[in-house]
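> below are the sequence and a predicted model; questions follow.
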Amino acid sequence: MARRVTVRRMVVSTVAAWFFGGLIFFPILWMVLTSFKTELEAFTIPPSFLFFEWTTENYATVQSRSDYFLHALNSVIIAGGSTVIAALIAVPAAWSMAFAPTRRTKDILLWMLSTKMMPAVGVLVPIYLLFKNLGLLDTRSGLVAILCLGNLPIVVWMLFTYFKEIPRDILEAARMDGATIRRELVYVLLPMAIPGIASTLLLNLILAWNEAFWTLNLSTSKAAPLTVFIASYSSPEGLFWAKLSAASTMAIAPILVLGWFCQRQLVRGLTFGAVK
Amino acid sequence: MATQQTQVLARGLLSPAVALLLVWMIVPLAMTIYFSSLHYSLLDPGSESFIGLDNFRYFLTDPAFLASLQNTLVLVGSVLAITIVLGVPLALLLDQPVLGRSIVRLMVIAPFFVMPTVSALVWKNLLLHPVSGLLAWLSTLVGITPIDWFNDAPMLAIIVIVAWQWLPFATLILLTALQSQDEEQKEAAEMDGAGALSTFIHLTLPHLARPITVVILIETIFLLTVFAEIFVTTGGGPGLQTTNIAFLIYSQALIQYDVGSASAGGLVAVVIANIIAFFLVRVVGRNLEA
């Protein structure tokens, strides 16, 4: 039963929600607008909001001056690679804990969670030295490995909470019908698990894309993903706001779209299933 | 229920993840502990020697440590306060009948998906710049002298940036929790003549207690190690004004190349984080039973 909604209440809350929503979103909007201005206009006071000469020149400049696509490709490889590998390790683990739990399952889950609590900075020194000695500094494979390990606990946890919700009776039924474990896995479990796996991958992709501790410390140029590329704008020469905005807009656009698709999973993943 | 065959298979499937995480946890940590007992500078290779707990003495008595501990607490505390105090009313607002609610929700959640380096630089240059930033222009419009944020109030600037990134997270979690609240209970309260305020205090707030706890704990874990925002805007300065523990350790390790002292600092950070984690694991663990 819906609660009675008065028109007045609706109008007030709509206006308020749009106002505050707009306020929170404004920095992003402003960045996108600035990316279409000339550098001079981006700097001008008073600023123009819509009535300026729109130009896409910054987007071209960002690519020609600093090889934007290399860094975008690095982001795709590092975020994508670490996500896929994490999933390959985590799906069997989560399956096992959800469907064949033992006395120690809960402890293992909580222990995995606790590895995520370890602050990255606590192991910065050894990881940096290991990377240096193994020649992994500024390599994509090094970053893939680190981000994969860093996000593995979240991936296991999210998958576990999804797998837990798959009704067990179905598995029992399949077993009664004489399905082997492999067939049970491929024909019964997998189709039911795919939505959960997909949203886990999506959330992990977002986290890996935006990761800015290891990427800043372990890569400098040829393996640098977009987080590091954008950071190079922190000490620029001359007018650069419009170019910074263009580069930033391109860096966040794909993830903003993905992120909007998986808001629900975000809550679940980041709270380790504590809030659904 | 599970057959023996399943049990064996299950263990086999679980072990790669467990083994990897075990290595990931133990090896670097053991190395950190080992380095923390050494005099070890990358600028002076070959001079490593065992010095016991001297690194800890040095790190903990360094005035920079106290300053950065204080900065860390200020940063974490302020961002938590801002995100909760603004997040609760915002979530309540979005829980109301709002035209175009899904679009508003997208706008509110968006900052969370912006990579830290982007949000830091956009705020620093486009919004907070003392001459050409939008806030400078707005304050001259109302006759206030613009603030030179990163010189006069650098920590406040960092807090604003980080709070902007985390407000969506708090709001989204609180909103999710609100939507699972029992509508009929609220209706019953309204029919019994309970006002909006008393419904809020007696029904909604207790319902939000757990999600708020979760928000506080999770945000704390991430906020204790805020790094990129400081790295690209202030570099810890001016002086030590925006150096938090994470940044202090970074600068000792990769700017001063003092491996020993940075390792000691790293362990201090691990201990602080573990105290927080202890509480979080308990809250989440309780949920597992249900």
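Cool, got the structure. This structure is a prediction, so every number in the text was calculated from the model and none was measured.

> and B:Gly260, what does it touch?
B:35-41, B:51, B:55 (C-beta atoms under 8 Å, 6 or more residues apart in numbering or on different chains). Yep, even glycine has a C-beta here, placed from its N, CA and C like the rest.

> and it, how far from B:Ile51?
7 Å (C-beta to C-beta, to the nearest Å).

> average model confidence for the helix or strand harbouring B:Ala209?
Secondary structure from DSSP states H and E places B:Ala209 in helix B:205-223. Average pLDDT, helix B:205-223: 86.

> which residues are in contact with the helix or strand following it?
Moving toward the C-terminus from helix B:205-223, the next helix or strand (DSSP H and E) is helix B:228-233. Residues outside helix B:228-233 that contact it (C-beta under 8 Å, 6+ apart): A:212-213, A:216, A:227, A:230-231, A:234, B:116-117, B:119-121, B:123-124, B:150, B:157-158, B:161-162, B:165, B:236, B:242-244, B:246-247, B:250.

> what's B:Ser49 sitting at in phi/psi?
phi -150, psi 150 (degrees, to the nearest 10).

> what of B:Phe50?
phi -80, psi 130.

> bridged to it, which residues?
Beta-bridge pairing for B:Phe50 (DSSP bridges): B:Leu38.

> how close does it get to A:Ala94?
43 Å.

> neighbour count winner among those two?
Comparing B:Phe50 with A:Ala94 by other C-beta atoms under 10 Å in any protein chain shown, the one with more neighbours is A:Ala94, at 29 against 10.

> list the buried residues of whichever strand or helix holds the more buried one.
In this structure, A:Ala94 is located in helix A:68-99 according to DSSP H and E. By 16 or more other C-beta atoms under 10 Å in any protein chain shown, the buried positions in helix A:68-99 come out as A:68, A:70-72, A:74-75, A:77-83, A:85-87, A:89-99.

> do the same with stretch A:102-113
Residues A:105, A:108-113 are the ones in stretch A:102-113 that count as buried (16+ other C-beta under 10 Å).

> and chain B, which of those reach it?
Restricting the buried residues of stretch A:102-113 to those near chain B by C-beta under 8 Å from any C-beta of the partner chain leaves A:108-110, A:112-113.

> spatially central residue in chain B, please.
B:Leu223 (2.1 Å; C-alpha atoms, centre = their mean).

> hmm, stretch B:164-174 in reach of chain A?
Yes - using C-beta under 8 Å from any C-beta, a contact is recorded between stretch B:164-174 and chain A, made by B:164, B:167-169, B:172-173.

> and the contacts of that stretch?
With C-beta under 8 Å, 6+ apart, stretch B:164-174 has contacts from A:24, A:27, A:263, A:266-267, A:270-271, A:275, B:79, B:82-84, B:86-88, B:90-91, B:94, B:108-112, B:114, B:116, B:119, B:123, B:208, B:211-212, B:214-215, B:218-219, B:222-223, B:229.

> so of those residues, which ones are in helices?
A:24, A:27, A:263, A:266-267, A:270, B:79, B:82-84, B:86-88, B:90-91, B:94, B:108-109, B:116, B:119, B:208, B:211-212, B:214-215, B:218-219, B:222-223, B:229 (DSSP state H).

> would you mind giving the contacts of B:Gly260 as CSV with neighbour count added?
Converted to CSV, the contacts of B:Gly260 look like this (neighbours: other C-beta atoms under 10 Å in any protein chain shown):
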residue, neighbour count
B:Phe35, 23
B:Ser36, 26
B:Ser37, 18
B:Leu38, 19
B:His39, 17
B:Tyr40, 25
B:Ser41, 15
B:Ile51, 15
B:Asn55, 24
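
> show me which of these is closest to chain A.
B:Phe35 (5.9 Å; C-beta to the nearest C-beta).

> which two of the ones next to chain B among the buried residues of stretch A:102-113 have the greatest separation?
A:Ile108 and A:Leu113 (9.8 Å; C-beta to C-beta).

> could you pull out the helices for the stretch 51-200 of chain A?
For the stretch 51-200 of chain A, the helices defined by DSSP state H, counting those that start in this stretch cover A:57-66, A:68-99, A:105-117, A:124-133, A:140-164, A:168-176, A:181-183, A:190-210.

> export those helices to a markdown table and tack on mean pLDDT?
Formatted as a markdown table, the helices of the stretch 51-200 of chain A follow (pLDDT from 0 to 100):
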| stretch | mean pLDDT |
| --- | --- |
| helix A:57-66 | 84 |
| helix A:68-99 | 92 |
| helix A:105-117 | 83 |
| helix A:124-133 | 90 |
| helix A:140-164 | 90 |
| helix A:168-176 | 77 |
| helix A:181-183 | 77 |
| helix A:190-210 | 87 |
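
> nearest to B:Leu14, of those helices?
helix A:68-99 (4.4 Å).

> show me what the closest one is packed up against.
helix A:105-117, helix A:140-164, helix A:190-210, helix A:226-231, helix A:241-261, helix B:4-36 (3 or more C-beta pairs under 8 Å, 6 or more residues apart in numbering or on different chains; DSSP states H and E).

> tell me the helix or strand right after the third one.
Put plainly, it is helix A:190-210. helix A:214-218.

> so which elements touch that next one?
helix A:124-133, helix A:140-164, helix A:226-231.

> and B:Ser68, how far is that from B:Gly12?
46 Å.

> show me what contacts the residue positioned nearest the centre of chain A?
Nearest residue to the geometric centre of chain A (C-alpha atoms, centre = their mean): A:Ile206, 1.1 Å. Counting by C-beta under 8 Å, 6+ apart, A:Ile206 touches A:255, A:258-259, A:262, A:266, B:113.

> of those, just say which sits nearest to A:Gly196.
A:Cys262 (11.6 Å).

> leaving out the residues flanking it, which one is nearest to the closest one?
Excluding the flanking residues, the one nearest A:Cys262 by C-beta to C-beta, 6 or more residues apart in numbering or on different chains is A:Leu202, at 4.6 Å.

> contacts only, for the one you found.
With C-beta under 8 Å, 6+ apart, A:Leu202 has these contacts: A:258, A:261-262, A:265.

> look up how far B:Thr234 lies from it.
For A:Leu202, the distance to B:Thr234 - C-beta to C-beta - is 33 Å.

> where does B:Val162 fall, secondary structure wise?
helix B:154-179.

> could you list the buried residues of stretch B:63-82?
B:64-65, B:67-69, B:71-72, B:74-76, B:78-80, B:82.

> B:Val74 is in contact with B:Met155, isn't it?
Yes - here B:Val74 reaches B:Met155: they are 6.3 Å apart, a contact under C-beta atoms under 8 Å.

> can you give me the domain assignment for chain A?
Following automatic domain parsing, one finds the domains of chain A at A:7-59, A:67-270.
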